[in-house]
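In: Mind folding the following:
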Amino acid sequence: MAGFENFHIGAGELSVNSQDVGHTTPEGIVVNVEPNVHLHQSGKWGTTPVKASILGYEVTIQITMAETTLTNLKRAIAGSTTGGNNVQIGGLSGREVTGSEIVLTPFDGTESWTFRNAVPTSPVEVLYQVENERVYQVTFTALVDEDSPEDSNVVFVS
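Out: Numbering: from 1, shown residues only. Okay, here's the model as predicted:
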């Protein structure tokens, strides 16, 4: 049904591997779905596309975490490990980065997004400045989860 009741605004809660990350900032969470579409061409029609095929998707979720805990820092930095009460950054090149299930659940009860296997892929900048809040902003990239149904092996919205 079309109508104004389908207009939505607002943030949501976020969990990583079924653990709540806490509050986000007003910038909140940004989901980006970028299809990689191959446009077929024909000699008869020149550069005008005649057909399209999907080659894949790059799906990202940018999160601005307001709660700057060691647990959230570890979630944000790819390949980081924990030792005691420390987040450790370093190690040998080529180590596998393990993916996490990330679930975005809007506060207004609209559809949630489930990223089955996502890894942090962005730099993490932490501000220690008088005029700025200290937050962790990170972008996760969704990977294929081979154990999931083929049509939803990257993300599903329900």
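
In: Please make it C-alpha for all contacts and neighbour counts, starting now.
Out: Fine.

In: Mind telling me what element the most centrally placed residue in the chain is part of?
Out: Closest residue to the average C-alpha location of the chain: residue 61 at 2.4 Å, with Cα atoms, centre = their mean. Residue 61 is part of strand 46-65, with elements assigned from DSSP states H and E.

In: Now the helix or strand following that strand: buried residues?
Out: For strand 46-65, the succeeding helix or strand toward the C-terminus, using DSSP H and E, is helix 70-76. For helix 70-76, burial by neighbour count (16 or more other Cα atoms under 10 Å) applies to 72-76.

In: Which residue ranges of the chain form strands?
Out: 12-16, 19-20, 24-42, 46-65, 81-83, 86-88, 100-106, 113-120, 136-142, 155-157 (DSSP state E).

In: now what about the helix or strand of the chain with the lowest mean pLDDT, what contacts it?
Out: None of the helices or strands of the chain scores lower by mean pLDDT, DSSP states H and E than strand 81-83, at a mean of 90. The contact list for strand 81-83 (Cα atoms under 8 Å, 6 or more residues apart in numbering) reads 74, 87-89.

In: same thing but 6 Å
Out: 87-88 (Cα atoms under 6 Å, 6 or more residues apart in numbering).

In: What strands flank it, and is each parallel or antiparallel?
Out: Paired neighbours of strand 81-83 in the sheet (DSSP bridges): strand 86-88 (antiparallel).

In: buried residues in the partner strand?
Out: residue 87.

In: what is the mean pLDDT for it?
Out: Throughout strand 86-88, pLDDT has a mean value of 95.

In: next one: that strand to chain centre, how far?
Out: Remark: strand 86-88 is offset 23 Å from the chain centroid, using Cα atoms, centre = their mean, to the nearest Å.

In: Ramachandran angles for the residue located most distally from the centre of the chain?
Out: If you look at how far each residue of the chain sits from its centre, by Cα atoms, centre = their mean, the farthest one is residue 44, at 41.6 Å. Backbone torsions of residue 44, given as degrees, to the nearest 10, read phi -70, psi -40.

In: Tell me, what's the model's pLDDT at it?
Out: pLDDT, read off for residue 44, is 97.

In: on that earlier part again, which residues sit against the strand holding residue 61?
Out: The contact list for strand 46-65 (Cα under 6 Å, 6+ apart) reads 24-25, 28-41, 135-142.
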